[in-house]
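Engineer: predicted model, plus sequence, below.
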Amino acid sequence: MSRNLFLGAFLSSLVVLAALISFVWTPYDYAALSIPEKLQPPNAQHWFGTDHFGRDMFSMIMVGARTSIAVALVAVGIGMALGVPLGLTAAARKGSWLDEVIMRGNDLVFAFPSLVIAILITAVFGAGAINAIIAIGIFNIPVFARITRGAALSLWEREFILAARVSGKGAARISAEHILPNVANLLIVQGTIQFSLGILAEAGLSYVGLGAQPPTPSWGRMLADAQTMVSFAPHLALIPGVAIIVTVLGLNLLGDGLRDWLDPRIRVARA
Amino acid sequence: MLRYALKRLISLLISLAVASVVIFAVIEVAPGDPASFMLGVNAQEDTLAALRAELGLDGSKMQRYLNWVGGMLVGDFGTSYTYRTPVSQMIADRLWVSLPLALYALTLSTVIAFPAGIYAAARRGKPGDLVVMGSTQLGIAVPNFWFAMMLVLIFAINLRWFNAGGFVGWSNGMWAGLHSLTLPAIALALPQAAILARVMRSALLDILGEDFMRTARAKGLSRRQALWRHGVRNALIPVLTIIGLQFSFLLAGSIIIEQVFYLPGLGRLVFQAISARDLIVVESVVMLLVFAVITVNFLVDLAYAAVDPRLRSRT
């Protein structure tokens, strides 16, 4: 196991663990206001200090991990659930009008950065975590469609696929039984990278107020609140930022490590 | 080449047309009537009708779509629902902040990434390479708006070298303007520079393994000469593609950074428009951003094909 894989797995599981534990235990109630204790720097009672309402930062970071992971994970799920079948179909019908339509559609969605999709959705339906998920999820679809198609195309040239065709299997069955298992590694690696991009995107969206709404804690929101207090309470800005960096760094290292471990030939697209 | 350019141009126009339909359709779904939103609940029916006519809100969906697109083609983006001023004027004012910011950041990112990537590739596997690769790994993980807040904390609040926010305007001279865009540009540039440096390094490493590099060494060039004359030049092709892509990401990314520095750019315009339900402004800014992304990609494709004829057969 490489150093990247080990460090990445360690950092990522740290964050996932914090999110899971937060369902059953946090040091304090993350929403409990305690004005007399406001703006404390990190100390023995409040490990990460308290915010301007006296809320415990450590508890908020733990619950915030939940929001980040949920949004990014569901967004990857949307991207895979729609993108992978599209990519498989395009590859199976290479050169047909269907392939052309799918690929042109991909190009079109690529022209909308996730922030722009979020702006459009929010302008129409209002802000919220669900809309952030949809925006990041839509952005993920062409990413998965493209890499699935690319990998599937080269597989279709291989002899074991020819054997499957000779034995009478249709394109759909071959895609599901032979192509999909062979692109799974690639999808896992790309999924990890999109997961980390999703964490960053969620933080950005909730920072500008297009993501999770209060009282749901989210790291981006905490940073937005911290902005006016950064001169006298820098820990409010430092801690959520470090939480984001640790998560994204962990997932990126995990993705790189998984790639080297599963198949060094895989090339990952990084937008 | 001309055939290829023409083909790409047609697909560019189709993409733009489809994108405009999608944006228009999404905005159409929005609940509420802008006219009654502007005039309040007590407005008379005939005043409402007059305002709708003035804003071009009467008529069928098809008519309004054609008006919107037709107007944009001649630079008329309609009238803002809240400010009652031409949207094109509002966007043009804001672009004077957002566009220089994106270009400034792109320049910084390139200036940082090129030497870093070349240095790392030349010292592959050595400590220098590891340091550069480690920093880029970190750079990719840092959210640019958080980095911006840290820059404000250090360079504006503690050291007082820069203002914490706001834009002095170009009327105070180019240097004053650039000075107030410096921190935002650094914040935007560094994460992009991290990605670009990695692309530069891996492009260069691919080239260094090529036969012509060995030939260059064999005919007597030093390692350094071979690297610069043959290596870097050839690595530039993939790197330029990424730079082109990054420009559109920087333009979109500046929307968030503008919030950190209270810059009067496209970002503030669009967020104010969202909260004021000034949908025509949102619609136009989104169309402009998508136009920028599609057009830059088109130009990059053309440049790519001009340099490398093999790509012209691929559509």
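Structural biologist: Good, I have the coordinates.

Engineer: okay, buried residues for stretch A:100-108 please.
Structural biologist: In terms of neighbour count (16 or more other CB atoms under 10 Å in any protein chain shown), stretch A:100-108 has its buried residues at A:102-103, A:105-108. Every C-beta, even on glycine, is put in place using the N, C-alpha and C of the backbone.

Engineer: run through who's touching it.
Structural biologist: Stretch A:100-108 has contacts (CB atoms under 8 Å, 6 or more residues apart in numbering or on different chains) with A:86-87, A:89-90, A:141-142, A:145-146, A:149, B:11, B:14-15, B:18-19, B:22.

Engineer: change it to 6 Å
Structural biologist: A:86, A:90, A:142, A:145, B:15, B:18 (CB atoms under 6 Å, 6 or more residues apart in numbering or on different chains).

Engineer: how far does the helix or strand containing residue B:233 sit from the chain's center?
Structural biologist: Per DSSP states H and E: residue B:233 is located in helix B:233-261. Remark: helix B:233-261 is offset 6 Å from the chain centroid, using CA atoms, centre = their mean, to the nearest Å.

Engineer: put the alpha carbons of the helix or strand just after that helix into PDB.
Structural biologist: As assigned by DSSP H and E, the chain's next helix or strand after helix B:233-261 is helix B:266-275. Extracted C-alpha coordinates of helix B:266-275, given in PDB (Å, rounded to 0.1, in the frame of the first residue of the first chain):
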ATOM      1  CA  LEU B 266     -20.600  40.300 -12.000                       C
ATOM      2  CA  GLY B 267     -20.800  38.200  -8.900                       C
ATOM      3  CA  ARG B 268     -22.300  40.900  -6.700                       C
ATOM      4  CA  LEU B 269     -24.600  41.900  -9.600                       C
ATOM      5  CA  VAL B 270     -25.900  38.400  -9.900                       C
ATOM      6  CA  PHE B 271     -26.400  37.800  -6.200                       C
ATOM      7  CA  GLN B 272     -28.200  41.100  -5.700                       C
ATOM      8  CA  ALA B 273     -30.300  40.200  -8.700                       C
ATOM      9  CA  ILE B 274     -31.200  36.800  -7.200                       C
ATOM     10  CA  SER B 275     -32.300  38.300  -3.900                       C
END
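
Engineer: near chain A, which residues of the stretch 101-250 of chain B are found?
Structural biologist: B:141-143, B:145-146, B:149, B:153, B:157 (CB under 6 Å from any CB of the partner chain).

Engineer: out of those residues, which are buried?
Structural biologist: Buried among these by 16+ other CB under 10 Å: B:141-143, B:145-146, B:149, B:153.

Engineer: show me those residues that map onto helices.
Structural biologist: Judged by DSSP state H, those include B:141, B:145-146, B:149 as members of helices.

Engineer: a markdown table for the residues you listed, including pLDDT?
Structural biologist: Shown next, in a markdown table, are those (pLDDT from 0 to 100):
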| residue | pLDDT |
| --- | --- |
| B:141 | 93 |
| B:145 | 93 |
| B:146 | 94 |
| B:149 | 93 |
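
Engineer: about what we covered before: report the buried residues of the helix holding residue B:233.
Structural biologist: Buried positions in helix B:233-261, judged by neighbour count with 16+ other CB under 10 Å: B:234-236, B:238-239, B:241-261.

Engineer: check whether the host helix or strand of residue B:5 comes near chain A.
Structural biologist: Following DSSP H and E, one finds residue B:5 within helix B:2-29. Yes: Helix B:2-29 is in contact with chain A by CB under 6 Å from any CB, via B:15, B:18, B:26, B:29.

Engineer: burial of the last one, as a residue count?
Structural biologist: When counting by other CB atoms under 10 Å in any protein chain shown, one arrives at 8 neighbours for residue B:29.

Engineer: now it: closest residue in space, sequence neighbours ignored.
Structural biologist: Nearest residue to residue B:29, sequence neighbours excluded (CB to CB, 6 or more residues apart in numbering or on different chains): residue A:124, at 5.6 Å.

Engineer: now do the contacts for that neighbour.
Structural biologist: The contact partners of residue A:124, by CB under 6 Å, 6+ apart, come to B:26, B:29-30.

Engineer: low-confidence ranges, the stretch 1-150 of chain B, go.
Structural biologist: Under the criterion pLDDT under 70, the flagged ranges of the stretch 1-150 of chain B are B:32, B:41.

Engineer: can you pull out the strands in it?
Structural biologist: Using DSSP state E, counting those that start in this stretch, no strands are assigned anywhere in the stretch 1-150 of chain B.

Engineer: all helices of it, in order?
Structural biologist: With helices called from DSSP state H, counting those that start in this stretch, the stretch 1-150 of chain B shows them at B:2-29, B:34-39, B:45-55, B:61-73, B:87-122, B:127-141, B:144-151.

Engineer: and the third one, what does it pack onto?
Structural biologist: It stands for helix B:45-55. Other helices and strands packing on helix B:45-55, by 3 or more CB pairs under 6 Å, 6 or more residues apart in numbering or on different chains; DSSP states H and E, are helix B:34-39.

Engineer: buried residues in the helix it packs on?
Structural biologist: B:34-38.

Engineer: then stretch A:216-230?
Structural biologist: Using 16+ other CB under 10 Å as the test for burial, stretch A:216-230 gives A:216-227, A:230.

Engineer: same question for stretch A:143-162.
Structural biologist: A:143-153, A:155-156, A:161.

Engineer: residues from chain A in reach of chain B?
Structural biologist: Near chain B, when you scan chain A using CB under 6 Å from any CB, you find A:108, A:111-113, A:115-116, A:119-120, A:123-124, A:200, A:203-204, A:207-208, A:223, A:230-231, A:234, A:237, A:241, A:244-245, A:248-249.

Engineer: now with 7 Å?
Structural biologist: A:107-108, A:111-113, A:115-116, A:119-120, A:122-124, A:200, A:203-204, A:207-208, A:223, A:227, A:230-231, A:234, A:237, A:241, A:244-245, A:248-249, A:252, A:270 (CB under 7 Å from any CB of the partner chain).
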